[in-house]
Each structure stands twice: as C-alpha cells, then as structure tokens.
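1. give me a model of this one.
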Amino acid sequence: MLEVDNIHVNYGRLQALRGVSLSVREGEIVCVVGPNGAGKSTTLGAIAGGVTPHAGRITLRGQSLGGLPPEAVARLGVSLVPEGRHVFGSLTVAENLRIGTFQRRDRAAVAADFERILEHFPRLRERLQQPAGRLSGGEQQMLVIGRALMTRPRLVMVDEPSLGLAPKIVDQVYDILIKLRHAANLTLLINEQSSERVLKFADRIYVMRGGRIHLEDRAANLQDGKAIMQAYFGFADGTGAPPPLSPAPTMKRAAE
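-> This next block holds a predicted model:
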C-alpha cells in the first residue's frame, strides 16, 4: 500500500532523515519505535505532504506522492493524527468532527459516518456540544482520531498516541484503534516511544534512531525485546547492556 524508499530530509543544516525506507501492506498495523529526535514525526510528515524530502521516493498504491500538498494526499485516502492532539479548543466536539468532512460532498454518507464515530467513541457523544478545549487529554485523543476517520481514509497515521496520557487511557485508545482496523477496514502506521505496548498488537515493527531505520521485523519475532533494545539505544556489543559512560558526558538532543 505504502512504500517509502530512501528518503532524506534536512532542516537547514540538520539532517533529520538519512535514507529512511519502510513499507506498509494493506490491512497491517505497522509501528515505528524510537526515542525523541529519531525522525519518526518527520517521516509521517513527509508521507502526509507537510515535509518535503530532498531525495528519495514515496508512493501510495504505486502513485508517487512527491510534490503533493497535504490536502491532495488526504484526498488519496491518507489521514494524519499529529502528536499533541491539536484540537480546535473553542469549537465544539461536533464542530471538530465535521472539520474532517470539508473535502466531502456525500452528505448522507457523512451523517452515517458521524453516527458511526460516536458509536466507537461514546464519550464524545456525551460531550458533543462542549468546547473541545475542555476535554481531558484522553478525550481529545479520541476526538482527533475520530476527526481523522471522518475523512474516510484507508491509511491512518498516528503520531505518539500515548503521549501525556495515563496508562489506562492509553489502553483504551489502542483498543479502539485495533477495533477500527477491522470495523473500518483501516491500515495503521503508528509512531511510539514504548516498544512494550506495540509488541502486543503490531504486525511489524521498525526501530528508528538518528534519522535511520536500524531494525525491521515481524512483532512475533521480537517478543523478548532484546533486538529492539539494542537497536533503540544503539548497543553495539550485542549484550543488551549500554556501553560504559565516559567521564562527564555531554548529552545533546536533536529536535525532531
């Protein structure tokens, strides 16, 4: 369904992506795991059209996405749920959901989809006329996922869905995503920092660090977590333990 082939992205002098390649098959749940600054958000931004790679190729069902603006990528069936939720706080929950339909003209289908979203997210139904800015973090995450689904996407990309949420709420969000995969025939590409959670439900996992993919495998082959830890932290000795720190190390964090 999606092919990302050797893309490079620079922000000025900072090289954010260094030859990233990944693929997503129809109906899969694929997770990209990595620390802050790994390049995960930049990768999703490049697919969605908000970031322009200076090298490489991105195709959706064989069609190149190169040079397309975000609205054109969305019309092809790709929807991005960005990190940090980004609700329109002064608008009601209902108005936020309907923003996801601005490119659609099928009013009857929109009404049916609206009702279907509320069936998946009953807490949103209870708060339809409340300003979105008054929702809890978990409710806002449900709202932005629902808004993305109102575009009738085939591929949904979710950036850090667990960020800032209590573990119980995170489990609820993931339960809903997994149910939607089957109910709405979705393909999911999800960025996460926590490898423990994605091992439970992902079909395949990529580990990204320093703007590169360091590991790709089926989740079933990674259940002991050792290979993920080595790729995540860059352990080179294969022991699963970090190398000793040099005296007075200097830690730098690159912006993603």
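
2. state the phi and psi torsions of V20.
-> phi -80, psi 130 (degrees, to the nearest 10).

3. count of neighbours near it?
-> 25 (other Cβ atoms under 10 Å). (Glycine included, C-beta is placed from N, CA and C.)

4. report the contact partners of it.
-> V4, N6, I7, H8, G39, T43, G56, M208, G211, R212, I213 (Cβ atoms under 8 Å, 6 or more residues apart in numbering).

5. how much space separates the second one from E196?
-> With the distance defined as Cβ to Cβ, to the nearest Å, N6 ends up 30 Å from E196.

6. the more surrounded of the two?
-> Just comparing N6 and E196: by other Cβ under 10 Å the higher neighbour count belongs to N6, 13 against 10.

7. so which strand or helix has the more buried one?
-> Applying DSSP states H and E as the criterion places N6 in strand 2-11.

8. show me what counts as buried in that strand.
-> Under the neighbour-count criterion of 16 or more other Cβ atoms under 10 Å, strand 2-11 has L2, E3, V4, I7, H8, V9 buried.

9. which residues touch it?
-> Residues outside strand 2-11 that contact it (Cβ under 8 Å, 6+ apart) are 15-24, 39, 42-43, 46-47, 51-60, 155, 187, 189, 255.

10. one more time with 7 Å, if that's ok
-> Outside strand 2-11, the residues that touch it by Cβ atoms under 7 Å, 6 or more residues apart in numbering are 16-24, 42, 46-47, 51, 53-60, 155.

11. what do you get for stretch 46-53?
-> With Cβ under 7 Å, 6+ apart as the test, stretch 46-53 has contacts from 2, 4, 7-9, 42, 45, 58, 65, 68-70, 72-73, 78, 80, 157.

12. let's test this: mean pLDDT of that stretch, rounded?
-> Stretch 46-53 shows a mean pLDDT of 96.

13. end to end on that stretch, go ahead and measure it.
-> Counting by Cα to Cα, to the nearest Å, you get 7 Å between the two ends of stretch 46-53.

14. across the sheet, point out what pairs with V156.
-> S79, L188 (DSSP bridges).

15. for it, what are its contacts?
-> Contacts of V156 (Cβ under 7 Å, 6+ apart): S79, V81, A148, L186, L188.

16. greatest separation within those residues: which pair is it?
-> Farthest pair in the contacts of V156 (Cβ to Cβ) is V81 and L186. Separation: 11.8 Å.

17. closest one of the contacts of V20 to G225?
-> Closest to G225 out of the contacts of V20 is M208 (16.4 Å), distances taken as Cβ to Cβ.
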